[in-house]
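K.L.:
got a sequence here, can you build the structure:
(2 chains)
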Number of protein chains: 2
Amino acid sequence: MSALDLSLYLVTDAVAASRAGLPLPELVRAATEGGVTAVQVREKHEPAAVFLRTVLEIADVIPHHVTLLVNDRVDVYLAARELGARVSGVHLGQRDLPVETTRRIIGPDAVLGLSAAHPDQIAAAATSSAHVDYIGIGVLRATDTKPDAPPPLGIDGMRARAQLSALPAVAIGGVKVDDAHGLRGSALAGIAVVSGICAAPDPARAAAEYRRAWTGGA
Amino acid sequence: MSALDLSLYLVTDAVAASRAGLPLPELVRAATEGGVTAVQVREKHEPAAVFLRTVLEIADVIPHHVTLLVNDRVDVYLAARELGARVSGVHLGQRDLPVETTRRIIGPDAVLGLSAAHPDQIAAAATSSAHVDYIGIGVLRATDTKPDAPPPLGIDGMRARAQLSALPAVAIGGVKVDDAHGLRGSALAGIAVVSGICAAPDPARAAAEYRRAWTGGA
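P.N.:
Below is the predicted model of the structure:
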């Protein structure tokens, strides 16, 4: 496993990808060419067999240095690993399996990420008896992707929350390219993007724009 | 783990249970008093944390001889096992994780059941490189519980399909008490019931009626 680079973190949205007319693995591959460093495969509608196939297909086409994570379904991660896929770990929400139990199931070397919005959740992630590798703090803005998301934090709120985290943190939820400028230089380890890349007409180019905005490159 | 007794196999329906005004664990406990021998916890709508809690609660209140299985989510089974719950294994559909990979994840001693409707699926379950403990053959009748279910087999069709199976098989899908009479003496190892018990005004009594119809007792 490569070192965990969360700087540009893509969360997949198969529905947006299919609207854009791209097979999801192709979209993800293009996004990694544009500079995505970590990919979380999120699939809330398809059965496990389809979710697993998607994870295997994405694992096959992305570069080795990119961290590949499975949202929610620890069993899909275990199955992909069992089948020899290059998959790094899981990302859990607060209503998914408990992190302590999950850590015992996936072992010490797998990456374990956790969504944490409220200050008490951010603190709990760092003091958990199980090692959590990073947290996702959301949401920056209200989005259609997660209608049940907590209230939006805005740029200043997000910077303040990131400051609270003893763990590496990525900002998620409606992050636009301009927001990447506003979040740069904060305590954040990176930005997580869903629609901004998955619904973009050119995902590689969109990823490159986020990358440039985040790193401050020309 | 007790020997696998599939004769009266309850599949939970939390929605029906809540309509009947009973907490699901209480309903399941009552059904085991009525003669249910195996319980599959099925939860398609709630997040994993809720699914896990339901499994733990049910494991706590049912008798030791009753086999407890988790539908679809192998990770919820693993988590319950990790937390020390008396849970026996998983039940998979054809669109869930592959049985071979699942068997490697859950180990040789866990119970692994598989839904199999078509003759080729019934044959494949028995010849799989992974040991499958039993199959669920569906559906006997069309139901509202699984709108995506295959066409109904009827009593004669179900008896014929059971005859094809080299593995223990249970009939599922709209099984009524009278059907238990019609299926008795077939190659089936048991009958699986969802609404017939979960939506009954008195689940213990409903279970006892199924039991009597299946065993031919007075």
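K.L.:
make it CA atoms for all contacts and neighbour counts henceforth
P.N.:
Will do.
K.L.:
what residues does chain A have near chain B?
P.N.:
Chain A comes close to chain B at residues A:47-50, A:52, A:72-76, A:78-79, A:82-83, A:95-98, A:101-102, A:104-105, as judged by C-alpha under 8 Å from any C-alpha of the partner chain.
K.L.:
inside helices: which ones of those residues?
P.N.:
A:48-50, A:52, A:74-76, A:78-79, A:82, A:101-102, A:104-105 (DSSP state H).
K.L.:
so among those, which ones count as buried?
P.N.:
Buried subset of those (neighbour count, 16 or more other C-alpha atoms under 10 Å in any protein chain shown): A:48, A:49, A:50, A:52, A:74, A:75, A:76, A:78, A:79, A:101, A:102, A:105.
K.L.:
contacting residues for the first one?
P.N.:
Translated: residue A:48. Listed by C-alpha atoms under 8 Å, 6 or more residues apart in numbering or on different chains, the contact set of residue A:48 reads A:76, B:72, B:95, B:96, B:97.
K.L.:
tell me the pLDDT of the nearest residue to the first one once chain neighbours are set aside.
P.N.:
So that's residue A:76. Once its chain neighbours are removed from consideration, residue A:76 has its nearest residue in residue A:52; the separation is 5.6 Å (C-alpha to C-alpha, 6 or more residues apart in numbering or on different chains). Residue A:52 is assigned 98 on the pLDDT scale.
K.L.:
likewise the one 3 residues further on?
P.N.:
In the predicted model, residue A:55 carries a pLDDT score of 98.
K.L.:
what's the answer for the one 3 residues further on, then?
P.N.:
The score at residue A:58 is 98. That number is its pLDDT.
K.L.:
what sits closest to it if chain neighbours are left out?
P.N.:
Excluding the flanking residues, the one nearest residue A:58 by C-alpha to C-alpha, 6+ apart is residue A:25, at 4.8 Å.
K.L.:
how about the strands in chain A?
P.N.:
Remark: strands assigned in chain A by DSSP state E are A:8-11, A:38-41, A:67-71, A:89-92, A:111-115, A:134-138, A:169-172, A:190-193.
K.L.:
can I get the ones you listed in a markdown table with mean pLDDT and mean neighbour count?
P.N.:
Supplementary listing: the strands of chain A in a markdown table, determined by pLDDT from 0 to 100; neighbours: other C-alpha atoms under 10 Å in any protein chain shown:
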| stretch | mean pLDDT | mean neighbour count |
| --- | --- | --- |
| strand A:8-11 | 98 | 26 |
| strand A:38-41 | 98 | 25 |
| strand A:67-71 | 98 | 26 |
| strand A:89-92 | 98 | 24 |
| strand A:111-115 | 98 | 24 |
| strand A:134-138 | 97 | 27 |
| strand A:169-172 | 98 | 26 |
| strand A:190-193 | 98 | 27 |
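K.L.:
how about these in a markdown table, adding distance to residue B:181?
P.N.:
Formatted as a markdown table, the entries for those read as follows, by distance: least, C-alpha to C-alpha, whole Å:
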| stretch | distance to residue B:181 |
| --- | --- |
| strand A:8-11 | 52 |
| strand A:38-41 | 48 |
| strand A:67-71 | 46 |
| strand A:89-92 | 47 |
| strand A:111-115 | 51 |
| strand A:134-138 | 55 |
| strand A:169-172 | 57 |
| strand A:190-193 | 57 |
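K.L.:
save the buried ones among the ones in helices among the residues of chain A next to chain B as JSON lines, and put in distance to residue B:148 too.
P.N.:
Conversion of these to JSON lines gives the following (distance: C-alpha to C-alpha, whole Å):
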{"residue": "A:48", "distance to residue B:148": "16"}
{"residue": "A:49", "distance to residue B:148": "16"}
{"residue": "A:50", "distance to residue B:148": "16"}
{"residue": "A:52", "distance to residue B:148": "21"}
{"residue": "A:74", "distance to residue B:148": "25"}
{"residue": "A:75", "distance to residue B:148": "23"}
{"residue": "A:76", "distance to residue B:148": "23"}
{"residue": "A:78", "distance to residue B:148": "27"}
{"residue": "A:79", "distance to residue B:148": "25"}
{"residue": "A:101", "distance to residue B:148": "33"}
{"residue": "A:102", "distance to residue B:148": "31"}
{"residue": "A:105", "distance to residue B:148": "32"}
